[in-house]
Structures are given as structure tokens and as C-alpha cells.
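J.: build me a model:
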Amino acid sequence: MNKYKNKKKRKIAIQKRTLLKQKKKKKHIEKQNAKHYKTTLKYKISLLPKELQKYIYIWTFRIYWRNYIPFTAKIPSWQTRQNHIQKQLWNARYNNIHFLHLPFNTLPENKTWIMGCQCEFCIKNESIDPIEKHCHYLIQHRNSAYFPDKFMPESTSGTWNENLSFSNSNSINHMNYHTGALIKTFDPLYGSYKENTITKKLRKAKQYKSGYL
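T.: So this is what the prediction gives:
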């Protein structure tokens with residue numbers, strides 16, 4: 001019976017000690033918070049006269065709303081990437097680089113020679129014999145459907161395999177076109193001995209006399 005009473009007394013004593021420790025710790029934290037609060041701007045402003053506090057409040061919100069930009073008015077996070085892609089697509093049309101050979105489409109080790117493509121890989125390509133390349137250009141010159149229907153795989157069918165394509169929107173790559181206007185997409189004979197003489201002279205900025213004038 002005495003042992004049981006002693007155990008109970010010890011338990012009560014331990015509980016009291018833990019409570020005292022918790023109270024001391026709480027008081028210490030409160031003191032630290034009070035010291036820190038006195039160093040804050042909020043506390044220092046609260047010591048100022050009420051009229052001055054109101055003046056600071058009004059001017060703070062005026063400056064805030066002056067510099068505030070609504071979320072809907074901010075430039076989207078994807079806009080930079082979108083502009084970069086649009087610029088690359090425009091340069092691809094301008095320099096006659098096939099869509100598949102753009103850096104965001106095909107890995108360098110998976111690239112194969114595409115006739116007319118002016119990317120660095122196709123220009124420096126020596127894996128295909130020049131005579132074979134000339135044969136492809138000759139067939140394309142005689143049959144304009146050879147490149148999109150025979151040369152390129154069926155899985156890559158689209159407007160990028162066509163020399164000219166219709167635009168379905170009023171703006172392409174920030175250039176205005178009327179709906180349904182024909183635009184240059186990709187010329188498979190570009191840079192070859194079978195390239196159209198008129199487009200070749202225009203591309204090289206040579207003087208050309210038209211018979212219609």
C-alpha cells in the first residue's frame with residue numbers, strides 16, 4: 001500500500017515539474033516576442049500620433065495601387081517560349097528549313113537528309129551520293145507530288161511538305177495575310193540545279209525583267 005502511495009506522489013511531482021517548465025518556457029518566448037515586436041515597423045508606427053498614422057496609411061495604399069499590375073494584365077509565363085517558337089517557324093520558312101529539322105522536333109542523331117532543306121545537317125550531309133540527290137531533284141522537277149507523296153513518310157504528311165499552302169488565319173507569325181492566301185512553306189528544289197529560275201534570281205537579289213511589263 002505504501003509503495004502504491006509513493007508511486008502516486010512521484011507521478012504528481014513529475015507532472016508539477018513538467019508544468020512549471022512549460023510555463024517558464026512560455027514566459028521566455030513571450031518576452032522574446034515582446035522585444036522583437038518593439039523593433040518592428042508596426043510597433044513604431046503605433047507610437048506615432050493618429051493623424052500621422054492615417055496619413056501614412058493613405059500614402060502607402062496610393063503607392064501600392066500605383067505600382068500594382070493586375071494578374072490578367074501580366075505577360076503569360078509561356079509568352080517568351082511562344083515568341084521563340086514563332087520566330088523559329090518564320091526563319092524556317094524564310095531559310096527553307098523543313099519543319100522536322102527544327103531543334104525542338106528531331107534529335108540530331110535521328111535526322112535524315114531531306115531534299116531542299118537548308119539546315120546545317122542537310123547541307124553538310126555526305127551519306128547520300130550526289131547522283132542519288134540529283135535523281136530525287138529530277139523526279140521532283142517532273143512530278144511536283146513526288147516529295148509529299150513518295151519521298152516523305154506518310155506519318156509526316158502536312159502543310160510543311162507542300163511548296164505553297166493556304167493560311168487559315170488572318171495572322172501568321174505576326175505577318176498579316178488574308179484568309180485563304182497562299183504562302184510559301186517549303187521548296188524541295190531549293191538550292192538545286194532544278195530550282196525555279198525566277199525564285200532563284202529573286203532569292204539571290206538579281207535583276208529580273210518580267211515579260212508582263
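J.: run through the chain and note the low-pLDDT ranges.
T.: Residue ranges of the chain with pLDDT under 70: 1-7, 167-180, 205-213.
J.: tell me the contacts of the residue nearest to the spatial centre of it?
T.: Centrality entry for the chain: nearest residue to the mean C-alpha point is residue 81, 2.3 Å, by Cα atoms, centre = their mean. In this structure, residue 81 makes contact with no residue, judged by Cβ atoms under 8 Å, 6 or more residues apart in numbering. (C-beta placed from N, C-alpha, C; glycine too.)
J.: go again using 10 Å as the cut-off
T.: Taking Cβ atoms under 10 Å, 6 or more residues apart in numbering, we find residue 81 in contact with residue 104.
J.: what's the answer for residue 44, then?
T.: Applying Cβ under 10 Å, 6+ apart, one finds that residue 44 lies in contact with residue 38.
J.: tell me which element it falls in.
T.: Residue 44 is part of helix 41-46, with elements assigned from DSSP states H and E.
J.: which SSE is immediately downstream of that helix?
T.: Past helix 41-46, the next helix or strand by DSSP H and E is helix 50-67.
J.: packing partners for that next one?
T.: Packing partners of helix 50-67 (3 or more Cβ pairs under 10 Å, 6 or more residues apart in numbering; DSSP states H and E): helix 41-46.
J.: report the separation between residue 23 and residue 9.
T.: 21 Å (Cβ to Cβ, to the nearest Å).
J.: for residue 145, same thing?
T.: Using Cβ to Cβ, we find residue 145 at a distance of 103 Å from residue 9.
J.: equivalent analysis for residue 31, please.
T.: According to Cβ to Cβ, residue 31 stands 33 Å off from residue 9.
J.: just how off-centre is stretch 116-123 within its chain?
T.: Distance of stretch 116-123 from the chain centroid (Cα atoms, centre = their mean, to the nearest Å) equals 25 Å.
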